[in-house]
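Engineer: Below is the sequence, then the predicted model.
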Amino acid sequence: MAARSKARKRALDVLFAAEMRSEAPLEHLERAVADGEGPQHAYTGELVRGVVEHQARIDELLATYSEGWTLDRMPAVDRNVLRLGVFELLWADDVPDPVAVSEAMALVRDLSTDESPSFVNGVLGAVMRDKASLV
């Protein structure tokens with residue numbers, strides 16, 4: 001697994017665990033680093049910080065583009081993968097759009113439900129299509 005793919009997986013772990021424990025993601029990340037369990041790749045921190053910084057806008061977009069699904073109704077893994085994917089699509093200039101979508105798809109294929117890949121692909125594809133008008 002490539003270093004950035006591992007970083008994405010670790011960022012998902014941090015976001016998911018923080019949500020499940022009702023913690024702030026940055027506090028969870030800092031504690032993991034202090035305990036020696038933190039990310040080995042700087043990109044993990046960039047992703048977590050980016051999602052936190054833009055979460056209100058990301059969640060607004062997810063609510064708009066996930067037709068028929070509220071954020072609360074989505075599986076937590078899907079919700080956090082989508083947050084990472086939208087962040088990379090809109091604010092990570094060094095990540096090509098197809099890579100952001102492909103990496104998100106790999107995460108949900110490995111970690112979520114059988115229906116998740118098509119759902120995540122549809123939402124991120126729509127965000128990618130409208131990207132120019134969203135940022």
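Structural biologist: Perfect, thanks for sending it.

Engineer: low-confidence ranges in this protein?
Structural biologist: Residues of the chain that meet the criterion pLDDT under 70 lie in 1, 34-40.

Engineer: Could I get the full set of helices for it?
Structural biologist: With helices called from DSSP state H, the chain shows them at 3-20, 25-34, 42-65, 76-91, 97-111, 116-129, 131-134.

Engineer: so which of these is the most packed in?
Structural biologist: Mean neighbour count (mean count of other CB atoms under 10 Å) peaks for helix 76-91 among the helices of the chain, with a mean of 24. C-beta: built from backbone N, CA, C; applies to glycine.

Engineer: Against which helices or strands is that one packed?
Structural biologist: helix 3-20, helix 42-65, helix 97-111, helix 116-129, helix 131-134 (3 or more CB pairs under 8 Å, 6 or more residues apart in numbering; DSSP states H and E).

Engineer: and Val101, what does it touch?
Structural biologist: If a contact means CB atoms under 8 Å, 6 or more residues apart in numbering, then Val101 has 85, 89, 121, 124-125, 128 as its contacts.
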